[in-house]
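[1] sequence and predicted structure below; questions after.
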Amino acid sequence: MRWLTKMCAVGAALIVRLEGDMTKGISNISRTLRYLREQGWDAEKVEQFNPYAGKFGQRKDLFGIIDIITLTEHGITGIQSCGSDFAAHDRKILDSNMTVRWLEARGVLMLIGWRKIKLKKGGKAMRWQPRIKFYKLEDL
């Protein structure tokens, strides 16, 4: 069982008991931020949401390719986070002019895609697993 503290409108703390898996409704960006922080990296989300663009709002990535910025031992790293549509995000990064500019400025660029995989062959238990790709100028 997990516990979550929420603040109500009057400022008193309420304890809400949560049943089951808390990671079920977590977004890919939140999952990626948690993963990066577990690696000891300082990470922050830079993707913005504009609620006034379009009927349902619109998300805007930094330079059109970056959702998260991290500070690592390798320098500054831009990360695109996605779910099962890894190939589409890979193509988006490869087609962008900003990819080359980011890498020429000595930034590191990576794509982290999330998918559920079975813990045991034939079993039912599943766990979220990251798929990671690094981009280099030589590969473009």
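    Nice, thanks for sending it over. Numbers count the residues shown, from 1 in each chain.

[2] please verify my assumption that Asp67 contacts Ile79.
    Yes: using C-beta atoms under 8 Å, Asp67 is in contact with Ile79, at 6.2 Å. Where you see a C-beta, it was placed from the backbone N, CA and C, and this is true even at glycine.

[3] which one of these two is surrounded by more residues?
    Ile79 (25 against 22; other C-beta atoms under 10 Å).

[4] could you find the closest non-adjacent residue to that one?
    Ile68 (4.3 Å; C-beta to C-beta, 6 or more residues apart in numbering).

[5] contact partners for the one you found?
    Ile29, Thr32, Leu33, Leu36, Ala43, Glu44, Lys45, Val46, Glu47, Gly78, Ile79, Ser81 (C-beta atoms under 8 Å, 6 or more residues apart in numbering).

[6] at 10 Å instead, please
    29, 32-33, 36, 41, 43-47, 61-62, 77-81, 110, 112 (C-beta atoms under 10 Å, 6 or more residues apart in numbering).

[7] name only those of those residues that count as buried.
    Listed as buried from those are 29, 32-33, 36, 41, 43, 45, 61-62, 77-81, 110, 112; burial here means 16 or more other C-beta atoms under 10 Å.
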